[in-house]
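A.B. asks: kindly generate the corresponding structure for this input.
(2 chains, ligands or ions: 2)
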Amino acid sequence: MTSSPTPQAPPRPAGRRAPKLDERLAGYKGVWVFVEYERGQVHPVSWELLGEGRKLADTLKVDLAAVVLGPPDPAIRASCDQAIQYGADLCYLACDPVLKDYRNAPYTAVLTELVNRYLPEILLLGATTLGRDLAGSVATTLKTGLTADCTGLAIDAENRGLAATRPTFGGSLLCTIVTLNYRPQMATIRPRVMAMPTASPDRTGRVIEHPLALVEDSVVTKILEFVPDNHSAEANLPFADIIVSGGRGMKRQENFRLIHDLARVLGAEVGASRPAVQAGWAGVDRQVGQSGKTVRPRLYIAAGISGAVQHRVGMDKSDVIIAINEDANAPIFDFAHYGIVGNAMTILPALTQAFTEHLRTLKRAC
Amino acid sequence: MHIVVCIKQVPDSAQIRVHPVTNTIMRQGVPAIVNPYDLYALEEALRLKDRYRGRITALCMGPPQAEAALRKALAFGADEAILLTDRAFAGADTLATSYALSAAIRQIHQGLPVDLVFAGKQTIDGDTAQVGPGIATRLDMQLLTYVSKIVSLDLAAREVVVHRRSEGGVQVLKTSLPALITVLEGINEMRFASLTDMFRAERHRLTTWNKDDAHIEDATKIGLKGSPTAVSKVFAPTATNRRAEIIETQSGQPVDLAATLVAKLFSQRPEVALAMKPSSTHDSRGSA
Ligand SMILES: Cc1cc2nc3c(=O)[nH]c(=O)nc-3n(C[C@H](O)[C@H](O)[C@H](O)COP(=O)(O)OP(=O)(O)OC[C@H]3O[C@@H](n4cnc5c(N)ncnc54)[C@H](O)[C@@H]3O)c2cc1C
Ligand SMILES: Cc1cc2nc3c(=O)[nH]c(=O)nc-3n(C[C@H](O)[C@H](O)[C@H](O)COP(=O)(O)OP(=O)(O)OC[C@H]3O[C@@H](n4cnc5c(N)ncnc54)[C@H](O)[C@@H]3O)c2cc1C
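C.D. replies: Numbering: from 1, shown residues only, chains lettered A, B, ... in the order given. Ligands and ions are numbered 1, 2, ... in the order given. So this is what the prediction gives:
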């Protein structure tokens, strides 16, 4: 046997597997998912990560734990039960009035404390504004590796390490990143990249309450106000069931109305490719893709979108993709389920009409 | 007031091409640019300087060519530029990058105390958004990420109030200096470089620091050595062996194509129909 590497040993150059783990790190066990609880609600990405974390924990034959931080209100207890239903074996709960709204410093302090106390080998967070802010600080405090915005997670069969895959070079390639001799192995994952697990109401698990005694006066940053988004105006693309998107092929702002017409009939959200957003035909919050939102609706209709890889990475997990494009060789036809080769300006109104009629018959049948 | 703006030089991703056969990146000839998100950070710092006076130091870690990024920052109005360059920095992940940058900021602070550090929301190459939080944590500065507006800055009270984009809304936060702010794209519009500043930038003698100049205490914490993460492989996304079923009809007319598609969709994928929630006003009026 080779001796285990000392901390001074030069780390392996990129492109190699992680070396055998230091003994001092072997005590890190279990997979953790940070549950994003804010204002009485859990961000759905946390449940998606529990679904994915479950698979990792099963492969490693270790426990999956949810970590819930927040104020001591009744809803937070319910979140622990939910976390267990979504797959956690146990739930660490740390409550304090100081944790009422997210702030970097107290959240970092508490999560770091929990990690140092219970030593998980893997810690996953959503790549949301909260998750990225928190993960960056926690990883730095713990002096460990953090892989950003992953699209795939797996366990390396040889060394039980986390292999985290993420897009690189603007989405045209993927790279797999491993964490060497450091624990925990941390990663952030975007909402909607992982599938939503189904909750099993009869699952049971332990809730371990971790006592805190935080002092508000020692927190420098104060929240003066929280201004909620106007939900009727803000698009919630990542969680939409149906999305109708338009691209550069829509040619003009006026033509985008055809996208809206079809969306209205289907009860869909409107999406767009980057050029369409840059042209001002749709708001920034409607951009789908690498530098926009990741979506996974039941139905995605793309009109006048070529299917460039940066668009594709944001939508190819949709259940059904319909593409309308006048170019039969457009790359989007390589991954759509159904395609119509033709002019979107005439196909879209026809589709709107056909769906309207079909839905009317369905309704009458009910 | 003294502001440090962190600037990274990145390859212009819009011009990166992947070799169609070998799937390797074709870097040759890809121009290097200032990370676009960092220009918003620089502009925000310049606006504060316009209002409150003071100095702006641009800081960049990178190879010697990254000098070009700093000259650009000078042309826009930065007063000082420091290039942190040393072979030992190569191969750094975000933990090692924030270690080196925070050592340099500490050193800058020795010369002239630093009140604010600005960084971009993220870069367009590494794209992690982790370096800002890393620097703030190491320097024990208050961290304000995803800032969409700087509402006020009170230098006497040493307080800053900002709008921070968070999930589902905007947090209005007040904190004490020194603070590190990462700004959202679109927070401002970049000014044009003035001719005087452009000439000044050309003549300006950049400060170049190696690891000793930056007083890096622990050389095992920088570069590849100091990086807990490593890339184990790079590969092309797997092509789906799916090919869309192209809807065809005899007439080829839009109406027929649409009707055929809709019929197919409902018979082959009936579950999709359940997701359809036509907006009630539209539908009930239409069918009532
Ligand atoms: C770092 C980086 C990040 C990026 N992030 C994103 C992102 O998040 N989202 C994104 O979408 N893009 C992103 N892009 C841009 C991406 O590379 C593509 O340029 C973009 O997706 C193309 O948009 P498009 O399909 O609308 O336009 P085009 O590629 O120009 O395609 C237009 C399509 O419309 C078709 N068409 C034209 N006229 C008609 C008609 N009358 N009827 C039917 N079809 C018609 C054409 O055949 C063509 O296929 C990014 C690029 C980079 C480098
Ligand atoms: C394809 C790819 C994937 C990678 N994935 C990871 C990963 O998952 N985890 C990881 O730890 N590392 C990763 N790295 C390494 C990482 O990109 C480098 O550590 C890089 O030096 C800084 O990270 P960033 O580009 O993501 O910066 P970000 O954290 O996105 O940058 C935020 C801001 O910090 C400032 N900043 C960043 N770098 C510098 C600099 N060199 N000089 C001055 N200011 C700077 C800028 O203001 C910038 O806007 C990856 C690199 C590549 C090329």
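A.B. asks: mind listing the helices for the stretch 151-288 of chain B?
C.D. replies: With DSSP state H, counting those that start in this stretch, the ranges of helices along the stretch 151-288 of chain B come out as B:195-203, B:254-268, B:270-274, B:280-287.
A.B. asks: next, A:Asp149: secondary structure please.
C.D. replies: For A:Asp149, the assignment made with DSSP: H, G, I helix; E, B strand; the rest coil gives strand.
A.B. asks: residues near the closest residue to it other than its chain neighbours, how many?
C.D. replies: Spatial nearest neighbour of A:Asp149, chain neighbours left out: A:Ala127 (4.8 Å); criterion: CB to CB, 6 or more residues apart in numbering or on different chains. All C-beta atoms are positioned from the backbone trio N, CA, C, and that covers glycine. A:Ala127: 22 surrounding residues under other CB atoms under 10 Å in any protein chain shown.
A.B. asks: I'd like the helices of the stretch 151-288 of chain B as TSV, with mean neighbour count and distance to ligand 2 appended.
C.D. replies: Converted to TSV, these look like this (neighbours: other CB atoms under 10 Å in any protein chain shown; distance: least, CB to the nearest ligand atom, whole Å):
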stretch	mean neighbour count	distance to ligand 2
helix B:195-203	13	18
helix B:254-268	18	38
helix B:270-274	13	36
helix B:280-287	12	43
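A.B. asks: now distance to ligand 1 too, for those, in a markdown table please.
C.D. replies: Listed next are these as a markdown table, based on distance: least, CB to the nearest ligand atom, whole Å:
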| stretch | distance to ligand 1 |
| --- | --- |
| helix B:195-203 | 27 |
| helix B:254-268 | 11 |
| helix B:270-274 | 22 |
| helix B:280-287 | 25 |
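A.B. asks: possible to save those helices as CSV with mean pLDDT?
C.D. replies: Listed next are these as CSV, based on pLDDT from 0 to 100:
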stretch, mean pLDDT
helix B:195-203, 90
helix B:254-268, 95
helix B:270-274, 85
helix B:280-287, 37
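A.B. asks: A:Ala139 and B:Asp115: what is the separation?
C.D. replies: From A:Ala139 across to B:Asp115, the span is 26 Å (CB to CB, to the nearest Å).
A.B. asks: ok, the two, which is more surrounded?
C.D. replies: A:Ala139 (33 against 21).
A.B. asks: residues near the spatially closest residue to that one that is not a sequence neighbour, how many?
C.D. replies: Excluding the flanking residues, the one nearest A:Ala139 by CB to CB, 6+ apart is A:Leu146, at 3.8 Å. Residues near A:Leu146, counting by other CB under 10 Å, number 31.
A.B. asks: contact partners for A:Leu146?
C.D. replies: A:135-136, A:139, A:186-188, B:94-95, B:128, B:130, B:229 (CB atoms under 8 Å, 6 or more residues apart in numbering or on different chains).
A.B. asks: repeat for A:Ile322
C.D. replies: Neighbour list for A:Ile322: A:299-302, A:336-340, B:261, B:265 [criterion: CB under 8 Å, 6+ apart].
A.B. asks: most neighbours among those, which one?
C.D. replies: With neighbours taken as other CB under 10 Å, the top of the contacts of A:Ile322 is A:Ala302, carrying 31 neighbours.
A.B. asks: that one and A:Met250 touch, don't they?
C.D. replies: No. Under the criterion of CB atoms under 8 Å, A:Ala302 is not in contact with A:Met250, lying 10.7 Å apart.
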